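[1] Below are the sequence and a predicted model for it; my questions follow.
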Amino acid sequence: MNNLVNDPRPMLVLALDQTQAMIDTVGADELHLPTPCPEYDVRTLLGHLITVIGRIDLGLTGGNPLDLPTVTTGVDDVPAAWKERRTTLDATLANDAVLTQICTLPWGTMPGAAAIGAYTGELTTHSWDLAKATHRTDLLDDSLAVYCLPLVQRAIPAEPRGGHVPFGSVVPVADDASPYDRLAAWEGRQP
(Lines give C-alpha, C1' and ligand atoms only; values in the text may rest on other atoms or scores of the structure.)
Protein backbone atom coordinates (compact mmCIF):
# COMPACT_ATOMS: atom_id res chain seq x y z
CA MET A 1 0.00 0.00 0.00
CA ASN A 2 1.26 3.45 -0.89
CA ASN A 3 1.64 6.19 1.68
CA LEU A 4 -1.34 8.14 0.37
CA VAL A 5 -2.55 11.18 2.31
CA ASN A 6 -5.62 10.30 4.41
CA ASP A 7 -5.46 6.68 3.31
CA PRO A 8 -7.83 4.80 5.67
CA ARG A 9 -6.46 1.36 4.78
CA PRO A 10 -3.83 1.17 7.54
CA MET A 11 -6.52 1.66 10.20
CA LEU A 12 -8.74 -0.95 8.56
CA VAL A 13 -5.79 -3.36 8.57
CA LEU A 14 -5.29 -2.62 12.28
CA ALA A 15 -9.01 -3.28 12.91
CA LEU A 16 -8.80 -6.51 10.89
CA ASP A 17 -5.73 -7.60 12.88
CA GLN A 18 -7.45 -6.82 16.17
CA THR A 19 -10.62 -8.65 15.15
CA GLN A 20 -8.58 -11.66 14.06
CA ALA A 21 -6.70 -11.69 17.36
CA MET A 22 -10.01 -11.61 19.25
CA ILE A 23 -11.47 -14.41 17.09
CA ASP A 24 -8.35 -16.51 17.70
CA THR A 25 -8.81 -16.28 21.51
CA VAL A 26 -12.43 -17.46 21.67
CA GLY A 27 -12.88 -20.88 23.21
CA ALA A 28 -15.72 -23.33 22.55
CA ASP A 29 -16.91 -22.79 26.14
CA GLU A 30 -17.49 -19.07 25.39
CA LEU A 31 -19.75 -19.40 22.35
CA HIS A 32 -22.95 -19.13 24.41
CA LEU A 33 -21.92 -15.92 26.23
CA PRO A 34 -24.03 -12.80 25.65
CA THR A 35 -22.41 -9.77 24.01
CA PRO A 36 -23.17 -6.06 24.39
CA CYS A 37 -24.75 -6.29 20.93
CA PRO A 38 -28.20 -7.49 22.08
CA GLU A 39 -29.04 -9.62 19.05
CA TYR A 40 -25.81 -11.64 19.21
CA ASP A 41 -24.23 -14.12 21.55
CA VAL A 42 -20.53 -14.87 20.91
CA ARG A 43 -21.35 -17.61 18.36
CA THR A 44 -23.64 -15.39 16.26
CA LEU A 45 -21.26 -12.43 16.57
CA LEU A 46 -18.48 -14.60 15.13
CA GLY A 47 -20.81 -15.56 12.28
CA HIS A 48 -21.60 -11.88 11.73
CA LEU A 49 -17.89 -11.02 11.62
CA ILE A 50 -17.35 -13.67 8.94
CA THR A 51 -20.12 -11.94 6.99
CA VAL A 52 -18.66 -8.46 7.59
CA ILE A 53 -15.22 -9.33 6.21
CA GLY A 54 -16.89 -10.82 3.14
CA ARG A 55 -19.14 -7.77 2.77
CA ILE A 56 -16.17 -5.42 2.92
CA ASP A 57 -14.56 -7.19 -0.02
CA LEU A 58 -17.82 -7.36 -1.99
CA GLY A 59 -18.48 -3.66 -1.44
CA LEU A 60 -14.96 -2.63 -2.41
CA THR A 61 -15.04 -4.69 -5.60
CA GLY A 62 -18.41 -3.48 -6.88
CA GLY A 63 -20.49 -6.36 -5.56
CA ASN A 64 -23.58 -6.23 -3.39
CA PRO A 65 -22.72 -6.78 0.29
CA LEU A 66 -26.32 -7.79 0.94
CA ASP A 67 -25.72 -10.93 -1.13
CA LEU A 68 -24.25 -12.31 2.11
CA PRO A 69 -26.54 -13.10 5.07
CA THR A 70 -26.26 -10.96 8.20
CA VAL A 71 -24.83 -13.98 10.04
CA THR A 72 -22.82 -16.71 8.32
CA THR A 73 -23.76 -20.06 9.83
CA GLY A 74 -22.40 -23.59 9.57
CA VAL A 75 -18.74 -22.59 9.92
CA ASP A 76 -16.82 -25.22 11.87
CA ASP A 77 -13.50 -23.34 12.01
CA VAL A 78 -14.18 -19.62 12.39
CA PRO A 79 -10.50 -18.58 12.55
CA ALA A 80 -9.76 -20.47 9.31
CA ALA A 81 -12.82 -19.00 7.55
CA TRP A 82 -11.82 -15.50 8.71
CA LYS A 83 -8.24 -15.96 7.46
CA GLU A 84 -9.45 -17.22 4.08
CA ARG A 85 -11.67 -14.18 3.59
CA ARG A 86 -8.90 -11.96 4.96
CA THR A 87 -6.50 -13.17 2.24
CA THR A 88 -9.02 -12.14 -0.43
CA LEU A 89 -9.63 -8.75 1.23
CA ASP A 90 -5.91 -8.06 1.63
CA ALA A 91 -5.47 -8.50 -2.14
CA THR A 92 -8.34 -6.06 -2.76
CA LEU A 93 -6.86 -3.50 -0.36
CA ALA A 94 -3.47 -3.67 -2.08
CA ASN A 95 -4.92 -1.87 -5.12
CA ASP A 96 -4.89 1.93 -4.68
CA ALA A 97 -7.93 2.20 -6.98
CA VAL A 98 -10.02 0.78 -4.13
CA LEU A 99 -9.99 4.23 -2.52
CA THR A 100 -12.01 5.81 -5.35
CA GLN A 101 -14.11 2.76 -6.32
CA ILE A 102 -17.78 3.70 -5.90
CA CYS A 103 -19.33 1.26 -3.45
CA THR A 104 -22.96 0.48 -2.84
CA LEU A 105 -23.24 -0.54 0.79
CA PRO A 106 -26.26 -1.42 2.94
CA TRP A 107 -26.39 2.19 4.20
CA GLY A 108 -25.59 4.12 1.00
CA THR A 109 -23.33 4.72 -1.99
CA MET A 110 -19.87 6.18 -1.36
CA PRO A 111 -16.24 6.10 -2.48
CA GLY A 112 -14.11 3.21 -1.27
CA ALA A 113 -12.19 5.39 1.19
CA ALA A 114 -15.42 6.27 3.02
CA ALA A 115 -16.56 2.64 2.93
CA ILE A 116 -13.24 1.57 4.44
CA GLY A 117 -13.70 4.11 7.25
CA ALA A 118 -17.22 2.87 7.94
CA TYR A 119 -16.16 -0.76 8.05
CA THR A 120 -13.22 0.13 10.31
CA GLY A 121 -15.78 1.48 12.76
CA GLU A 122 -17.93 -1.63 12.52
CA LEU A 123 -15.00 -3.99 13.07
CA THR A 124 -13.64 -1.90 15.94
CA THR A 125 -17.00 -1.88 17.68
CA HIS A 126 -17.59 -5.60 17.19
CA SER A 127 -14.05 -6.32 18.45
CA TRP A 128 -15.04 -4.47 21.61
CA ASP A 129 -18.29 -6.48 21.78
CA LEU A 130 -16.29 -9.69 21.56
CA ALA A 131 -13.65 -8.50 24.04
CA LYS A 132 -16.30 -7.39 26.52
CA ALA A 133 -18.18 -10.70 26.27
CA THR A 134 -15.03 -12.79 26.78
CA HIS A 135 -13.37 -10.48 29.34
CA ARG A 136 -10.43 -9.61 27.08
CA THR A 137 -10.70 -5.83 26.78
CA ASP A 138 -7.00 -5.65 27.67
CA LEU A 139 -6.29 -6.90 24.11
CA LEU A 140 -7.91 -3.86 22.48
CA ASP A 141 -5.90 -1.10 20.82
CA ASP A 142 -7.19 2.27 22.05
CA SER A 143 -5.89 4.02 18.92
CA LEU A 144 -8.65 2.32 16.92
CA ALA A 145 -11.40 3.65 19.17
CA VAL A 146 -9.83 7.13 19.13
CA TYR A 147 -9.75 7.00 15.30
CA CYS A 148 -13.27 5.61 14.92
CA LEU A 149 -15.19 7.75 17.42
CA PRO A 150 -15.34 10.93 15.30
CA LEU A 151 -16.13 8.86 12.19
CA VAL A 152 -18.99 7.11 13.96
CA GLN A 153 -20.27 10.36 15.47
CA ARG A 154 -20.47 11.90 11.97
CA ALA A 155 -22.07 8.83 10.43
CA ILE A 156 -24.60 7.96 13.15
CA PRO A 157 -26.72 10.88 14.32
CA ALA A 158 -27.38 11.29 18.04
CA GLU A 159 -31.08 11.46 17.20
CA PRO A 160 -33.25 9.91 15.95
CA ARG A 161 -32.33 6.34 16.80
CA GLY A 162 -34.20 3.18 15.92
CA GLY A 163 -35.89 2.32 12.64
CA HIS A 164 -33.49 3.08 9.78
CA VAL A 165 -30.82 4.10 12.35
CA PRO A 166 -30.42 0.67 14.03
CA PHE A 167 -28.76 1.85 17.22
CA GLY A 168 -30.07 2.47 20.72
CA SER A 169 -29.96 5.89 22.31
CA VAL A 170 -26.57 7.38 23.11
CA VAL A 171 -25.55 6.23 26.60
CA PRO A 172 -24.13 9.00 28.80
CA VAL A 173 -20.53 8.44 29.94
CA ALA A 174 -18.04 10.53 31.88
CA ASP A 175 -15.85 12.95 29.92
CA ASP A 176 -12.81 10.90 30.97
CA ALA A 177 -14.30 7.55 29.92
CA SER A 178 -12.01 5.28 27.94
CA PRO A 179 -12.02 5.60 24.14
CA TYR A 180 -13.84 2.26 23.77
CA ASP A 181 -16.44 3.19 26.38
CA ARG A 182 -17.13 6.46 24.52
CA LEU A 183 -17.38 4.60 21.20
CA ALA A 184 -19.69 1.91 22.60
CA ALA A 185 -21.85 4.49 24.36
CA TRP A 186 -22.30 6.49 21.14
CA GLU A 187 -23.53 3.33 19.48
CA GLY A 188 -26.10 2.74 22.23
CA ARG A 189 -24.20 0.04 24.10
CA GLN A 190 -23.66 -0.04 27.87
CA PRO A 191 -19.88 0.26 28.37
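    Happy to help now that I have it. Residues are numbered from 1 along each chain as shown.

[2] Tell me where the protein has strands.
    102-105, 108-111 (DSSP state E).

[3] Grab the longest helix from the chain for me.
    helix 112-134 (DSSP state H).

[4] Can you tell me which helices and strands it packs against?
    Identification of packing neighbours for helix 112-134 by 3 or more CB pairs under 8 Å, 6 or more residues apart in numbering; DSSP states H and E yields helix 9-25, helix 42-60, strand 102-105, helix 142-155, helix 179-186. Where C-beta positions appear, they are placed from N, C-alpha and C, glycine not excepted.

[5] would you turn these into TSV with mean pLDDT?
    Listed next are the helices and strands packed on helix 112-134 as TSV, based on pLDDT from 0 to 100:
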stretch	mean pLDDT
helix 9-25	97
helix 42-60	97
strand 102-105	89
helix 142-155	93
helix 179-186	94
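
[6] Switch those over to a markdown table; also include distance to residue 123 and mean neighbour count.
    As requested, the helices and strands packed on helix 112-134 are exported to a markdown table (distance: least, CB to CB, whole Å; neighbours: other CB atoms under 10 Å):
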| stretch | distance to residue 123 | mean neighbour count |
| --- | --- | --- |
| helix 9-25 | 4 | 19 |
| helix 42-60 | 7 | 22 |
| strand 102-105 | 14 | 17 |
| helix 142-155 | 8 | 18 |
| helix 179-186 | 12 | 22 |
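
[7] Compare these and give me the one nearest residue 129.
    Evaluated over the helices and strands packed on helix 112-134, closeness to residue 129 peaks at helix 42-60, with 6.0 Å, by CB to CB.

[8] returning to what we had before: give me the angle between the longest helix of the chain and helix 9-25.
    30 degrees (axes from the mean of the first three to the mean of the last three CA atoms, to 10 degrees).

[9] tell me the angle of helix 112-134 relative to helix 42-60?
    170 degrees.

[10] roughly how far out does helix 112-134 sit from the chain middle?
    2 Å (CA atoms, centre = their mean, to the nearest Å).

[11] before we move on, what about stretch 77-93?
    In terms of CA atoms, centre = their mean, the centre of stretch 77-93 is found 14 Å from the chain centre.

[12] Likewise for stretch 140-151?
    Relative to its chain's centre, stretch 140-151 lies at 11 Å (CA atoms, centre = their mean).

[13] which residues touch it?
    Residues outside stretch 140-151 that contact it (CB atoms under 8 Å, 6 or more residues apart in numbering) are 11, 14-15, 18, 117-118, 120-121, 124-125, 127-128, 131, 178-180, 182-183, 186.
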